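Asks: Below is the sequence, then the predicted model.
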Amino acid sequence: MYNFKSNKITYRKLCSNHNIKIISPKNRQWQYVNQLNPTDARRTLGAILAPDGSSSGQLKHTLLKVKEFYTKFKLASLTNKAKWIAYISVLLPEILYLVMATLYTEADIRPLHSIMDQLACHALGLNKHFPRSILHGPLHLGGLGLPSVD
């Protein structure tokens, strides 16, 4: 069921008193498959997805990854041009791919958005308090036109 107010998908837990068993094609023996709770998130294709649609696992993992990269990024002895190329060609596509696979609210994504903006400002040689409206604003209105995580 999709809850439009909370922007989340909810699932009922299947009640089963028996395990699922299948025959292994290799040794023709019975293999048991564990039943998982719909809130258990699992990694698939680089994204951590939960069957119930919860994005908390993915957002926590992505935020830790970005914080680690931010520390390394600030301490790197690269030119601003090299940092900008790394930001645009490596980090931004990786984060956008993971974020597009999850449902989230604006409050959920705010910490990630803040760190990504600081990374962009650092790569461009700007103050970390540079106005975000100029950073993400359209070019024809005097902004820099940078893509936003949200």
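Replies: Noted; the coordinates are in hand.
Asks: now the end-to-end length of stretch 72-88.
Replies: By CA to CA, to the nearest Å, the extent of stretch 72-88 from end to end equals 16 Å.
Asks: what comes up buried for it?
Replies: Phe73, Lys83, Trp84, Ala86, Tyr87 (16 or more other CB atoms under 10 Å). Every C-beta, even on glycine, is put in place using the N, C-alpha and C of the backbone.
Asks: List the contacts of that stretch.
Replies: With CB atoms under 8 Å, 6 or more residues apart in numbering as the test, stretch 72-88 has contacts from Leu119, Ala120, His122, Ala123, Leu124, Gly125.
Asks: Put together a markdown table for the residues you listed, with neighbour count, distance to Trp30 and secondary structure on each row.
Replies: A markdown table is the format used below for these (neighbours: other CB atoms under 10 Å; distance: CB to CB, whole Å; DSSP: H, G, I helix; E, B strand; the rest coil):
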| residue | neighbour count | distance to Trp30 | secondary structure |
| --- | --- | --- | --- |
| Leu119 | 22 | 51 | helix |
| Ala120 | 26 | 54 | helix |
| His122 | 19 | 56 | helix |
| Ala123 | 21 | 55 | helix |
| Leu124 | 17 | 59 | helix |
| Gly125 | 11 | 63 | coil |
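Asks: Tell me the one among those nearest to Leu146.
Replies: Ala120 (5.8 Å; CB to CB).
Asks: mind checking how far the closest one is from Leu135?
Replies: Distance, Ala120 to Leu135, using CB to CB, to the nearest Å: 7 Å.
Asks: shared neighbours of those two, which are they?
Replies: Leu146.
Asks: Now do the end-to-end distance for stretch 69-86.
Replies: 11 Å.
Asks: Out of the helices and strands in the chain, which is least certain?
Replies: strand 42-44 (a mean of 51; mean pLDDT, DSSP states H and E).
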